[in-house]
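Participant: here is the input, now give the coordinates:
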Amino acid sequence: MDRLKLVSDDGTDIDAVMHALGVAARAAQQAVATMPGAARQAALEAAGRLLRQDTATILAANARDMAEGERRGLSHAALDRLKLDAGRIEAMARSIAEIAALPDPVGRRLARIERPNGLVIDRVATPLGVIGIIYESRPNVTADAGALCLKAGNACILRGGSESFHSSAAIHACLVRGLDEAGLPAAAISLVPTRDRAAVGAMLAGLGGNLDVLVPRGGKALVARVKAEARVPVFAHLEGLVHIFVDRAADLDKARAIVLNSKLRRTGVCGAAETLLVDAAVAATHLGPLVQMLLDANCEVRGDAATQATDARVRPASEDDWHTEYLDSIISCRVVDGLDAAIAHIGRYGSHHTDGIVTENAAAAEAFLARVDSAIVVHNASTQFADGGEFGFGGEIGISTGRMHARGPVGVEQLTSFNYRIRGTGQTRP
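Facilitator: Residues are numbered from 1 along each chain as shown. Here you go, the predicted model:
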């Protein structure tokens with residue numbers, strides 16, 4: 001199953017295959033958009049049930065991907081992102097069920113304007129259209145992205161990472177069977193049937209006008225390529241260079257719990273903390289215990305001179321460390337001269353993804369929340385809440401770090417656009 005039948009080593013035209021996917025997705029989206037929300041809900045409910053039923057098949061496909069990943073020398077963090085078990089498959093099924101149960105986002109009246117001349121103008125939510133999603137490593141994105149796009153009345157074309165090829169195919173098969181059970185076209189959720197990188201180029205070109213928006217979800221190189229080469233609008237999911245600032249008014253026990261969870265709950269997720277900033281005013285009381293806690297939990301700490309002085313196990317931090325999303329059990333640490341210096345550091349090195357403050361000072365918290373220009377800003381809670389499921393969205397296809405259309409977790413509401421519907425009684429314009 002390394003290369004599916006549509007793409008073989010006999011010189012099959014990748015562009016032709018991808019164009020056909022785009023044409024089929026466009027037709028499917030037009031059909032899905034006119035069907036009642038109950039049909040989309042039924043398809044997702046069936047897909048969640050089928051994921052549970054096919055757990056053994058999905059795990060077998062994932063075992064094949066894991067074995068290939070180990071042979072290719074993937075990092076521990078990359079293998080963790082790739083790995084599935086019964087619990088993670090159950091979480092996927094539960095997420096799909098939660099998305100299915102959300103209110104139908106299509107057709108919502110967002111605003112009403114009643115004009116003096118009697119015209120009534122409604123702004124109404126509509127599907128975006130055909131969404132291309134290019135992602136790396138995580139096979140669960142196949143389920144989340146397919147479910148979210150369908151719930152919002154869209155069709156999607158999914159291009160997963162080569163390392164999760166077999167896992168994604170097994171998950172996609174459940175989604176397609178769910179569509180079939182509900183009487184919806186299979187092309188409403190399409191999976192690119194090849195690992196060939198030429199498929200990405202075809203998606204960036206827009207598939208002959210059949211793609212309306214692209215969502216890249218992966219490392220900096222992938223996102224940079226998509227933003228540079230895409231001929232359609234992009235929801236940018238940039239790296240999660242996440243900071244935790246421990247303010248002078250921070251409760252130490254609370255800081256311990258938040259920092260530990262933010263960094264080590266899962267190191268490979270985009271909401272994992274990568275840099276710890278500690279206010280100089282409490283460095284004498286807070287820095288040492290926090291650093292020791294991380295080191296004792298087998299987290300490598302790379303720090304400035306003040307951080308190195310707390311424990312011989314701390315390694316020196318280089319300038320590159322402040323720019324690095326480790327996605328591993330590594331954190332950089334620096335002492336800063338108060339709130340302003342912390343915000344300045346985040347502004348210089350951050351990725352506008354997620355940043356947090358630990359403090360009992362309400363004014364400091366509000367200043368941080370207002371001044372840090374990130375999609376998600378957190379006070380006294382783990383940065384690993386940067387997740388659409390935790391926001392009540394049922395799931396997400398990424399954390400958008402841009403400022404246009406969608407910002408933060410991209411859920412069903414963010415996967416809609418709108419139009420204006422004008423109702424009159426014969427009015428003409430003078």
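Participant: where do the helices sit along this protein?
Facilitator: With helices called from DSSP state H, the chain shows them at 14-33, 37-53, 55-72, 76-82, 86-101, 140-151, 165-181, 198-204, 220-229, 252-264, 288-296, 305-308, 338-349, 362-371.
Participant: give me the contacts around the fourth one.
Facilitator: Contacting residues not belonging to helix 76-82 are listed as 62, 65-66, 69-70, 74, 137-139, 163-164, 167, 266-269, 326-328 [CB atoms under 8 Å, 6 or more residues apart in numbering]. For glycine as for every other residue, the C-beta is placed from the backbone atoms N, C-alpha and C.
Participant: next: the first one.
Facilitator: Residues from elsewhere that reach helix 14-33, judged by CB under 8 Å, 6+ apart: 6-7, 40, 106, 126-127, 129-130, 150, 153-157, 184-188, 190, 192-194, 196, 198-199, 202-203, 207-208, 210-211.
Participant: selection in PyMOL covering whichever of those are buried, please.
Facilitator: In PyMOL syntax, the buried subset of those is picked out as below (16 or more other CB atoms under 10 Å):
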select buried, resi 7+40+106+126+127+129+130+150+153+154+155+156+157+184+185+187+188+190+192+193+194+196+199+202+203+207+210+211
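Participant: how near is the residue nearest to residue 212 when sequence neighbours are not counted to residue 216?
Facilitator: Closest residue in space to residue 212, ignoring its immediate chain neighbours: residue 129 at 3.5 Å, by CB to CB, 6 or more residues apart in numbering. Distance from residue 129 to residue 216, counting by CB to CB, to the nearest Å: 18 Å.
Participant: so what are the domain limits for this protein?
Facilitator: Domain segmentation of the chain under automatic domain parsing yields 14-237+398-422, 242-385.
Participant: output these as TSV; include the columns distance to residue 428 and mean pLDDT.
Facilitator: TSV is the format used below for these (distance: least, CB to CB, whole Å; pLDDT from 0 to 100):
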stretch	distance to residue 428	mean pLDDT
domain 14-237+398-422	10	93
domain 242-385	45	97
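Participant: can you tell me which of the ones you listed is nearest to residue 392?
Facilitator: Shortest distance between residue 392 and these, using CB to CB, is found for domain 14-237+398-422: 8.6 Å.
Participant: got the end-to-end distance for the closest one?
Facilitator: 44 Å (CA to CA, to the nearest Å).
Participant: distance from that domain to the middle of the chain?
Facilitator: Taking the mean of its C-alpha atoms, domain 14-237+398-422 sits 11 Å from the chain's own mean (CA atoms, centre = their mean, to the nearest Å).
Participant: can you check stretch 341-350 too?
Facilitator: For stretch 341-350, the distance to the chain centre is 23 Å (CA atoms, centre = their mean).
Participant: contacts for that stretch next, please.
Facilitator: So stretch 341-350 is contacted by 241, 243, 245, 247, 275, 277, 279, 322-323, 334, 336, 355, 357, 368, 371-374 (CB under 8 Å, 6+ apart).
Participant: can you pull the contacts of residue 205?
Facilitator: Per CB under 8 Å, 6+ apart, neighbours of residue 205: residue 231.
Participant: no further questions, thank you.
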